[in-house]
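Trainee: Need coordinates for the following:
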Amino acid sequence: MEKNSSLVSILIPVYNSEQYLRKALQSVADQTYSNVEIVIVDDCSKDSSRQIVTTFFAEYEHIQHKVINNKVNQGVSFGRNTLIDNASGEFICFLDSDDYLEPDFVSYLFEIMTKNNTSMGQCLYFSENSSGISAGKTNDFTSGTILQGKNAVFSMLEGKVTGYLWHKIFKRDLFDGIRFDTTLAVFEDYEVIMKMFVNGASISFGNERKYHYIQHASSLTKQSYLKILNRLEYLNRTKVLVSPLIISESDKEKWAKHSYLVILMVFINAVRYGAPLKDVIDIRRSVDLSYVPKLLKSVSLKKLSAISLIKISPYLFYFMLKTAFKIKS
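Mentor: Residues are numbered from 1 along each chain as shown. Okay, here's the model as predicted:
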């Protein structure tokens with residue numbers, strides 16, 4: 001890539017990432033797209049992360065960069081907002097400090113987006129542990145067509161387009177008037193992308209894996225049932241966002257399907273992670289069974305029966321799940 005190509009800002013929130021940070025930074029230095037800047041916010045790391053950043057930029061002083069060191073710990077959403085405010089590029093990519101990029105990550109996404117004249121581009125990704133062994137699930141959705149506005153919104157609701165920031169490229173102006181909600185414990189990135197689509201943003205897709213998403217043993221086990229239950233708040237907020245787009249009966253059925261599957265996931269995983277009955281029983285208030293008959297062709301009978309149990313007999317379903325998960329009372 002020529003140096004006079006558009007500047008791409010790669011935004012990296014850092015907190016206690018000493019084990020992985022150098023690899024993440026090196027993957028940016030190795031990009032075939034040369035006109036990048038790295039913007040880092042260190043959120044009061046207690047390990048050697050800040051020193052690693054200092055050493056890296058002493059070695060790669062030619063890379064345009066900004067480093068902001070928070071004086072107090074503010075959390076990832078505050079950090080991302082700070083990163084956006086300090087980005088100089090016309091385009092933005094996000095990199096988590098424990099992940100890393102393929103060398104052509106930026107050039108691949110930039111080409112996808114510019115070739116299709118969209119405001120976002122998305123590639124596929126690897127999901128692996130720190131040893132490079134496949135771990136967890138990946139989203140393998142690609143589309144030969146451009147998704148925009150309402151079509152992109154419903155593709156997110158259907159789980160086709162992810163709410164992840166890190167395997168995408170964004171036009172900088174998509175963030176005009178949009179920031180991450182620092183009060184949200186989960187799905188703050190999903191909400192930002194959903195807002196962009198509601199505002200009419202477009203996205204194009206590549207079918208190659210260019211991002212390495214690293215699953216750690218700690219990240220796989222740190223979920224608590226309270227964090228899982230917070231997803232019901234996400235469901236309410238999402239409904240407020242997309243309600244103006246839900247017009248036809250088909251739209252209503254798509255929303256009902258999304259709602260059912262989220263509620264089912266929340267109930268099951270909350271029990272899996274130790275939620276007491278009193279904390280899951282009120283989930284039944286979120287269930288409207290009127291769309292169950294209409295979804296018989298698109299949702300399995302097993303899932304629809306489980307949704308019905310949550311509404312009609314949550315006590316029975318709770319103890320059925322505890323038995324299945326071999327959780328003692």
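
Trainee: From now on I want contacts and neighbour counts done on CA atoms only, so please keep to that.
Mentor: Will do.

Trainee: Report whether the expected contact of Leu21 with Thr54 is present.
Mentor: No. Leu21 is beyond contact range of Thr54, at 11.7 Å (criterion: Cα atoms under 8 Å).

Trainee: so Tyr211 touches Leu165, yeah?
Mentor: No. Tyr211 is beyond contact range of Leu165, at 11.2 Å (criterion: Cα under 8 Å).

Trainee: So the two - more neighbours on which side?
Mentor: Neighbours were counted for Tyr211 and for Leu165 using other Cα atoms under 10 Å; Tyr211 has more, 23 against 17.

Trainee: For burial, what's the neighbour tally of the residue nearest to Phe187 when sequence neighbours are not counted?
Mentor: Nearest non-adjacent residue to Phe187, counting by Cα to Cα, 6 or more residues apart in numbering: Tyr234, 6.9 Å away. Tyr234 has 19 neighbours, counted by other Cα under 10 Å.

Trainee: what is the residue nearest to Val14 when sequence neighbours are not counted paired to in the beta sheet?
Mentor: Leaving aside its sequence neighbours, Val14 sits nearest to Asp42 (Cα to Cα, 6+ apart; 4.6 Å). Per DSSP bridges, the residues bridged to Asp42 are Val14, Asn69.

Trainee: Now do the same contact list for Asp42.
Mentor: Asp42 makes contacts with Pro13, Val14, Tyr15, Ser49, Arg50, Val67, Ile68, Asn69, Asn70, Gly79, as judged by Cα atoms under 8 Å, 6 or more residues apart in numbering.

Trainee: Got the confidence number for it?
Mentor: Asp42 is assigned 96 on the pLDDT scale.

Trainee: re the thing from before, so between Leu21 and Thr54, which is more surrounded?
Mentor: More crowded of Leu21 and Thr54, by other Cα under 10 Å: Leu21, with 25 against 13.

Trainee: could you point out where this structure is predicted with low confidence?
Mentor: Along the chain, segments meeting pLDDT under 70 span 1-4, 217-223, 329.

Trainee: Please report the residue range of the longest strand in it.
Mentor: Longest strand of the chain, by residue count under DSSP state E: strand 202-214.

Trainee: hang on, Phe317 packs against Ile310?
Mentor: Yes. At 6.6 Å, Phe317 counts as touching Ile310 under the criterion of Cα under 8 Å.

Trainee: Okay then, goodbye and thanks.
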